[in-house]
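Q: How does the following fold in three dimensions:
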Amino acid sequence: MERYIDKFLSYLKVEKNSSLHTVINYSVDLRDLADFLGDKPLEQVDVIDIRKFLVHLRQRNFQKASIARKMACLRSFFKFLCREGLRKDNPMVGLVGPKIDKKLPIFLSEDDMSKLLDTPEAIDFIGSRDKAILETLYSTGIRVSELVGLRVEHIDHIAGVVRVFGKGKKERLAPIGDKALRAIKHYLPERIKAGAKDHQRGPLFLNKHNRRVTREPGEDHSAEYKKEDPRKLTDRGVRDILEKYIRIASLRHDISPHSLRHSFATHLLNRGADLRSVQELLGHANLSTTQIYTHLSTERLKNVYDQAHPRA
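A: Numbering: from 1, shown residues only. You can find the predicted model right below:
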């Protein structure tokens with residue numbers, strides 16, 4: 001089965017231009033299936049085997065979301081095998097995944113967000129970098145993976161936009177506010193003092209050690225990563241930074257870097273932005289992904305109700 005997996009992963013990288021995160025996760029999912037099947041030839045795998053595999057996952061207490069992701073991986077995998085003529089039938093046809101509970105995203109109120117953004121003291125490299133990171137995340141609504149991928153040359157201070165490479169390496173321009181730009185401008189000289197090789201190029205946000213940090217299991221260990229500047233900040237580094245200031249500001253402990261993205265979208269909608277514009281700003285491919293934020297805009301709905309209903 002290993003050669004089929006390698007063919008599929010190569011297809012994801014070359015033809016589908018999938019993100020490294022997707023390739024790594026799909027590789028893990030497929031090797032889980034391979035371990036479960038043992039020596040059984042892939043050509044003989046049928047719907048019964050897949051059902052047994054799903055039961056096996058449930059017995060291992062996998063969450064519904066994890067099982068749904070593995071099923072999405074298997075659908076793509078077997079569809080690829082059929083398209084390439086490596087199988088005649090698709091055992092995933094007709095299989096229905098678990099119903100995933102829809103959870104509302106966690107976000108900060110505007111007051112709590114202001115409190116968080118004012119917490120870092122921009123008096124040295126660490127403080128100015130951290131303030132620039134928090135301001136950029138909230139001002140642009142970009143993902144953490146997109147933030148750590150930012151380079152100095154991606155910031156257009158005159159036009160007020162940031163060049164962002166999102167999922168599947170899709171490129172877009174994200175507006176960035178004046179406060180975030182000022183925070184970045186204040187940070188750039190500190191970045192040079194910390195040992196950055198170039199003040200006009202290179203990774204924007206550097207780690208405090210000026211050396212390659214150890215990556216966690218599941219993070220990118222590819223050759224592409226090894227070519228990167230060893231001082232580039234990692235996703236885990238951003239999470240640690242946010243946790244630090246959440247504690248200092250005495251805010252709720254369940255806030256993650258992605259919560260700043262949720263806050264960005266929610267605050268825009270609460271202040272009258274239309275859903276289609278928020279979709280573009282977030283870089284969502286489908287409007288349905290953005291629609292979850294409409295459930296969060298209760299304050300705006302209450303204001304509309306108070307102004308419009310005769311008995312409000």
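Q: surely residue 259 meets residue 109?
A: No. Here residue 259 does not reach residue 109: they are 11.6 Å apart, not a contact under CB atoms under 8 Å. The way it works is simple: take the backbone N, C-alpha and C, and place the C-beta from them, glycine included.
Q: Counting neighbours, go ahead and name the busier of these two.
A: residue 259 (19 against 14; other CB atoms under 10 Å).
Q: for this structure, which spans come out with low pLDDT?
A: For the chain, residues meeting the criterion pLDDT under 70 lie at 168, 209-230, 295-300.
Q: Now the residue nearest the centre of it: closest residue in space, sequence neighbours ignored.
A: The centroid of the chain falls nearest to residue 143 when counting by CA atoms, centre = their mean (4.8 Å). With sequence-adjacent residues excluded and distances taken as CB to CB, 6 or more residues apart in numbering, residue 143 is closest to residue 261, at 6.5 Å.
Q: cool, and residue 90?
A: Using CB to CB, 6+ apart and skipping residues adjacent in sequence, the residue nearest residue 90 is residue 78, 4.7 Å away.
Q: what's the distance between the one you found and residue 38?
A: Using CB to CB, to the nearest Å, residue 78 is found at 18 Å from residue 38.
Q: got it, and residue 12?
A: Plainly put, residue 12 is 25 Å away from residue 38 if you go by CB to CB.
Q: Repeat that for residue 14.
A: Taking CB to CB, one finds residue 14 at 30 Å from residue 38.
Q: With residue 257 instead?
A: Here the criterion is CB to CB. By it, residue 257 lies 40 Å from residue 38.
Q: out of those two, which sits in the busier spot?
A: residue 257 (19 against 7).
Q: Was I right to think the more buried one contacts residue 145?
A: No. Residue 257 is not in contact with residue 145 according to CB under 8 Å; the separation is 9.7 Å.
Q: Any chance you could list residues touching both of these two?
A: Common neighbours of residue 257 and residue 145, counting by CB atoms under 8 Å, 6 or more residues apart in numbering, are residue 235.
Q: Let me see the ranges of the strands in the stretch 201-312 of the chain.
A: Assigned strands in the stretch 201-312 of the chain: none (criterion: DSSP state E, counting those that start in this stretch).
Q: rewinding a little: contact partners for the residue nearest to residue 90?
A: 87, 90, 91, 92.
Q: I'd assumed residue 13 was in a helix, is it?
A: Yes. If the criterion is DSSP: H, G, I helix; E, B strand; the rest coil, then residue 13 is within a helix.
Q: So the residue nearest to the centre of the chain sits against residue 165, correct?
A: No. Taking contacts as CB under 8 Å, residue 143 lies outside contact range of residue 165: 10.3 Å.
Q: May I see the buried residues of the longest helix along the chain?
A: Of all segments of type helix in the chain, defined using DSSP state H, the longest is helix 64-83. In terms of neighbour count (16 or more other CB atoms under 10 Å), helix 64-83 has its buried residues at 67, 69, 70, 71, 73, 74, 76, 77, 78, 80, 81.
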